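**Student:** need a structure here:
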Amino acid sequence: MLPEYNQARKAIWTAVNPHTGKRRIDEAFPTEIRENTNEQEMFIRFKNGSTWQVIGSDNYDRLVGSSVAGVTFSEWALANPNAWAYIAPIVAENNGWALFITTPRGKNHAKSMYDMARKYPLVWHAEISTVDDSKAISHEVVEAQRREYHSIYGVEAGDALIEQEFYCSFDAAILGSYYGKELSKALQEGRIGKYPIDSNYPVYTAWDLGIRDSMVIWFFQIVPGDKGAGKVRVVGCYSATNYGINHYAEVIRAKAKDGKYERGYDYLPHDARQREMGSWGEDGKAKQRIEVMKECGLKPKLVTDHKVEDGISAVRQVLWRCYFDEEGCGEQALEGLKQYQTEWDDEKKIFSDRPLHNWASHYADGFRTLAMAYREIVPPIPKPQDKMLSVNAGGGVNQVTLEDLFKNQPKRGNRRI
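**Tutor:** Numbering: from 1, shown residues only. Modelled structure (predicted):
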């Protein structure tokens, strides 16, 4: 399994050994031992009954109904971590195995898995092999590569790339990251931590819409801030694939019931006007997603239509106002924002103006909806409350609001006394 299906076809299925002129899979698996080969599915069935297949983490659901005995993830740090969550129970049931081979890409799911594996050496083998460990490339070649990287990316980014690629550093900066610096600052300033739902303010949702691709929903609140500008309390995130709108409506209702908070609008990008296959109106045409959401009891509202680059700018402008509930959002969602990056144009040797489309882009696209919604929401104004003094049972003096005092009075019939 490679990060993307197209990568898998190019790097594994159609790759040719330049020394022999033969496809590598044909060298590895001679036709004499095969029962059949499916070129479209990149699937081989052998005469002994076993099978072998190449897939991408962006289409792991192709394994529905399969009985996986083992899986090798190549470039695991760039893969969709949901792929392993899906395959793991199947592998466990078959008493199977898994390999995760990767170059670090920041402190994402590959780093957390490595840390976990080190704690359980009887179950996992975890190893980092730098160029100094493997001796595969000489120091002179590494330094020559460093000079080349300096000329292309600049000194700071070039050194970070050397640390990442040759010395397996998880601390190296993510090249081309849109929001890496902003999220690092949020962590340093303590804005990533415990910020659960405040029941005094409504909870809104911001969506990235998908069907086979991940559907991502961010939960957030706007709370009073400085000089009339609201702060953003990001209290949760939910993602899934291959579900209809009704599933996500149930998730939102369940969260609202547990949190006992007021529901705000469900903010959507403009592709919410696309048709939702599987739901038809009286005219026989598939209904728009926004129509289906209303029928499911949601409160959909489209954000201002915008270009991707304008949305990215909006996110950067709002991130410094954000406070993330680490538990509610989850590590994967926060890493998705960190991992969102621009594509590198290898021909022009520059970062392009196009975002890289991978598993992280769904989280970033949903947050882009959040940033555009923030512009439309009027920040709440804290209500001043008159305070008075009351004497407690021990003779001490408490400062309470009139509302609290009234709330604590005993009731007689329908009246408070």
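**Student:** phi first, then psi, for residue 65.
**Tutor:** Its backbone dihedrals place residue 65 at phi 80, psi 0, with angles given as degrees, to the nearest 10.
**Student:** should've said residue 352
**Tutor:** The phi/psi pair for residue 352 (degrees, to the nearest 10) reads phi -80, psi 170.
**Student:** show the average pLDDT along stretch 92-107.
**Tutor:** Here stretch 92-107 scores 92 as its mean pLDDT.
**Student:** how about stretch 135-145?
**Tutor:** Computed over stretch 135-145, the mean pLDDT rounds to 94.
**Student:** buried set for that stretch?
**Tutor:** Within stretch 135-145, the residues that qualify as buried are residue 145, counting by 16 or more other Cβ atoms under 10 Å. For glycine as for every other residue, the C-beta is placed from the backbone atoms N, C-alpha and C.
**Student:** what sits up against it?
**Tutor:** Residues lying outside stretch 135-145 but in contact with it, judged by Cβ atoms under 8 Å, 6 or more residues apart in numbering, are 131, 162, 166.
**Student:** distance check, the last one against residue 129.
**Tutor:** Same thing as residue 166. When Cβ to Cβ, to the nearest Å is applied, the distance between residue 166 and residue 129 equals 11 Å.
**Student:** looking at those two, which is more packed in?
**Tutor:** With other Cβ atoms under 10 Å as the criterion, residue 166 and residue 129 differ in neighbour count, and residue 166 comes out ahead with 20 against 10.
**Student:** surely the more buried one forms part of a strand?
**Tutor:** No: according to DSSP: H, G, I helix; E, B strand; the rest coil, residue 166 belongs to no strand; its state is helix.
**Student:** residue 242 sits in which helix or strand?
**Tutor:** Taking DSSP states H and E as the definition, residue 242 sits outside all helices and strands.
**Student:** can you check the one 10 residues further on too?
**Tutor:** When secondary structure is defined by DSSP H and E, residue 252 falls within helix 245-259.
**Student:** ok, residue 252 - contacts?
**Tutor:** 205, 217, 263, 266, 298.
**Student:** and which of the residues you listed is nearest to residue 229?
**Tutor:** Closest to residue 229 out of the contacts of residue 252 is residue 205 (21.5 Å), distances taken as Cβ to Cβ.
**Student:** count of neighbours near the closest one?
**Tutor:** Burial of residue 205, expressed as a neighbour count using other Cβ under 10 Å, amounts to 28.
**Student:** in the sheet, who's paired with it?
**Tutor:** Assessed by DSSP bridges, residue 205 has beta-bridge partners residue 219, residue 266.
**Student:** so it touches residue 217, yeah?
**Tutor:** Yes: taking contact to mean Cβ atoms under 8 Å, the distance of 5.2 Å between residue 205 and residue 217 places them in contact.
**Student:** what's the closest of the contacts of residue 252 to residue 172?
**Tutor:** residue 217 (31.2 Å).
**Student:** so how far is residue 245 from the closest one?
**Tutor:** Relative to residue 245, residue 217 is positioned 11 Å away (Cβ to Cβ).
**Student:** do residue 226 as well
**Tutor:** Applying Cβ to Cβ, one obtains 38 Å for the distance of residue 226 from residue 245.
**Student:** got phi/psi on residue 45?
**Tutor:** Summarising the backbone geometry of residue 45 under the convention degrees, to the nearest 10, its torsions are phi -110, psi 130.
**Student:** test my guess that residue 68 contacts residue 95.
**Tutor:** No: applying Cβ under 8 Å as the test, residue 68 and residue 95 come out as separate, 11.5 Å apart.
**Student:** which one's more surrounded, those two?
**Tutor:** residue 68 (18 against 7).
**Student:** which residue is the nearest non-sequential neighbour of the more buried one?
**Tutor:** In this structure, residue 68 finds its nearest non-sequential neighbour in residue 90, 4.7 Å apart by Cβ to Cβ, 6 or more residues apart in numbering.
**Student:** okay, buried residues for the helix or strand harbouring that neighbour please.
**Tutor:** In this assignment (DSSP H and E), residue 90 forms part of helix 82-93. Residues 82, 83, 84, 86, 87, 90, 91 are the ones in helix 82-93 that count as buried (16+ other Cβ under 10 Å).
**Student:** helices or strands up against it?
**Tutor:** Other elements packing on helix 82-93 under the criterion 3 or more Cβ pairs under 8 Å, 6 or more residues apart in numbering; DSSP states H and E are strand 70-74, strand 97-101.
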